[in-house]
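# How does the following fold in three dimensions:
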Amino acid sequence: MQARYQYGNLMLRKRKQGPDVWQFRWLEHGKQRSVLIGTVEKLPTRADAERTVEHLRIEINAQNPQRDFHSVTVGALIDRFLKEYAPKCCRRPTQRVYRSLFEKHIRPKWGTELLTSVKTLAVEEWLENKPASRQVKSHVRNLMHTLYQAAIRWELVERNPIDLVRQSRKRLKTPRVLTPEEFKALLAELSEPYRTMVITIACLGLKVCELLGLQWGDIDFGNLTLKVQRSFVEGEIYPTKTEVSTSELPLDPDLAESLLAHRARSGYGGSSDFVFAGASGKPRWPDIMLSDHIKPAAAKAGIGKIGWHTFRHTYSTLLHSLGATPAVQKELLRHADIQTTMNIYTQAVTPAKRAAASKVIDVLWRM
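Predicted structure coming up:
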């Protein structure tokens, strides 16, 4: 016999002191359970309180096929997503970004809509006319897709209406790329350890979070390889996001010598020490280094505005212009969308990858 859906009982509870509160009651294994939802100051109307308890109803009835009972709103799904999915599957900085996207963009438009009422073309038209950058709209579209994938997993819906939403991801502005001459001019204005840091990040195509997460044990000087194992994000260490991110990278002999010289100068040379540790032994803060050292050096060199990602864009552009195949480019940049037909390039460090990486170093640094 099919279980009965529990709506519970939402009531306003009077208090002698302080504002009245909303209380939600339900049965669990035959026993009465209750929880305080919030004060009337926070939730002034019953409709406000009902929206707040909707995700609780979903949770209480999680063992039942809920789409057979009633329809759930997008707002309730967002609440459950932030409570159950995000803490388990997302880094804390990512959770903050998700929460911001939900509250600024998705909830105001779709929060009160039923999950089954959200249609592909309506979302597509909304995004097309939304006064936001293409990058923001792309993030919103992708988050809505992830949200509905969670709804499918929780058996709230059977299909994802965002699957067919088309959203351009083309950049409005071309990313800044340094010429070899500009890169060398920048190096001339940098002192250590920032010079070695810039050489390393540009000649390996790393993200700054990966650069700062490097430990000496990640580098095999004997075999001239380097493996990215972790990243440093907003003061915390995280593992790499995808398996392909940990692919071994070729380490040019001259770059290896530069890193060994830096190791000799550094007070932290143990295998578990960070390659570019600060005075405390912990990774340095990227924004501080950028504002205090990298940008002032760029200004002195007369090369204009740059950021940490400028070096990765420069590396990627040079790989392409120097004739590296698309498969080698994707493997050196460690992108997650490598096609199955290109899997041959995921094995160890191939001669093609080493040759391509060395060509970049020739142009940027040696010549």
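# For the rest of this, base every contact and every neighbour count on C-alpha atoms.
Noted.
# quick one: stretch 19-28 to chain centroid distance?
Here the centre of stretch 19-28 is set off from its chain's centre by 37 Å, with CA atoms, centre = their mean, to the nearest Å.
# domain ranges for this structure?
1-66, 71-172, 180-366 (automatic domain parsing).
# Relative to residue 47, how far out is the most centrally placed residue in the chain?
By CA atoms, centre = their mean, the chain has its centre lying nearest to residue 94, at 5.5 Å. Taking CA to CA, to the nearest Å as the measure, residue 94 and residue 47 are separated by 30 Å.
# what secondary structure does residue 23 sit in?
The assignment at residue 23 comes out as strand when based on DSSP: H, G, I helix; E, B strand; the rest coil.
# so it sits right up against residue 40, yeah?
No - with contact defined as CA atoms under 8 Å, residue 23 does not count as touching residue 40 (10.8 Å).
# ok so, going back, which of the domains of the chain has the lowest mean pLDDT?
The weakest mean pLDDT among those belongs to domain 1-66, with a mean of 81.
# just how off-centre is it within its chain?
On the basis of CA atoms, centre = their mean, domain 1-66 is displaced by 34 Å from the centre of the chain it belongs to.
# ditto for stretch 297-308
On CA atoms, centre = their mean, the centre of stretch 297-308 falls 26 Å from the chain's centre.
# same deal with stretch 90-103?
The chain centre lies 9 Å from the centre of stretch 90-103; the measure is CA atoms, centre = their mean.
# Backbone dihedrals for residue 180, please?
phi -60, psi -40 (degrees, to the nearest 10).
# go on, residue 26?
phi -160, psi 170.
# Which residues lie in contact with the nearest residue to it once chain neighbours are set aside in this structure?
Among residues not flanking residue 26 along the chain, residue 8 sits closest, at 4.5 Å (CA to CA, 6 or more residues apart in numbering). Each residue near residue 8 by CA atoms under 8 Å, 6 or more residues apart in numbering is listed here: 24, 25, 26, 27, 57.
# Could you do residue 158 as well?
residue 152.
# Residue 141 too?
127, 162, 165, 167.
# For those residues, work out which two are farthest apart.
Spanning the widest gap among those are 127 and 162, at 11.5 Å by CA to CA.
# still on that earlier bit, which of the contacts of residue 8 are buried? Put it as a ChimeraX command.
Command for ChimeraX that selects the buried part of these, burial taken from 16 or more other CA atoms under 10 Å:
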select :24,26,57
